[in-house]
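A.B. asks: Quick one, what's the 3D model for this:
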Amino acid sequence: MKILKDIENKLLDRRTVICATEGSKTIKRSEAKKRLAKALGVDEDLVIIKKIHNRYGSNESIIEGKVYNNKEALKKYARPHLVKRNTFVEENKEEAKEE
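C.D. replies: Now for the predicted structure:
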């Protein structure tokens, strides 16, 4: 994973990160979140993947993500639909089994 831009936003307690990754197929949002968290050395729970863009005919994917400094900032500033989109099916299935 190659980081193209890393912009810090102190007002919203987050960083906007744009990176590129190569692969033979479209990268899943969960895999992109894991790779970005590992590349930046942060907790996966603080990473929100906003967009994954694949160019036609290319193996490269451009990933735009936001990395929050803490959970409070994530809850306060992150858009609810993006938070929901970054909560994955496996986690939801486990919660349903517990009920």
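
A.B. asks: Give me the below-cutoff pLDDT ranges for this protein.
C.D. replies: Residue ranges of the chain with pLDDT under 70: 89-99.

A.B. asks: the helices in it, which residues?
C.D. replies: Under the criterion DSSP state H, helices of the chain are mapped to 29-40, 71-77, 80-85, 89-98.

A.B. asks: nearest to Lys10, of the ones you listed?
C.D. replies: helix 71-77 (10.7 Å; C-beta to C-beta). Using the backbone N, CA and C atoms, a C-beta is placed for each residue, glycine as well.

A.B. asks: Not counting the closest one itself, show me its contacts.
C.D. replies: Contact with helix 71-77 is made by 12-14, 45-46, 48, 68, 83, as judged by C-beta atoms under 8 Å, 6 or more residues apart in numbering.

A.B. asks: Filter these down to just the buried residues.
C.D. replies: Neighbour counting with 16 or more other C-beta atoms under 10 Å marks 13-14, 46, 48, 68 as buried within these.

A.B. asks: Just give the closest residue to Met27, not the sequence neighbours.
C.D. replies: That one is not Met; residue 27 is Ile. With C-beta to C-beta, 6 or more residues apart in numbering as the criterion, Ile27 has its nearest non-adjacent residue at 5.1 Å, and that residue is Ser61.

A.B. asks: and that neighbour, what is it in contact with?
C.D. replies: 20-23, 26-27, 32, 52-54.

A.B. asks: Who wins on neighbours among those?
C.D. replies: Ala32 (23 neighbours; other C-beta atoms under 10 Å).

A.B. asks: Thought Lys50 was touching that one, still the case?
C.D. replies: No. Using C-beta atoms under 8 Å as the test, Ala32 is too far from Lys50 to be in contact (10.4 Å).

A.B. asks: which residues do those two both contact?
C.D. replies: Joint contacts of Ala32 and Lys50 (C-beta under 8 Å, 6+ apart) are Gly65.
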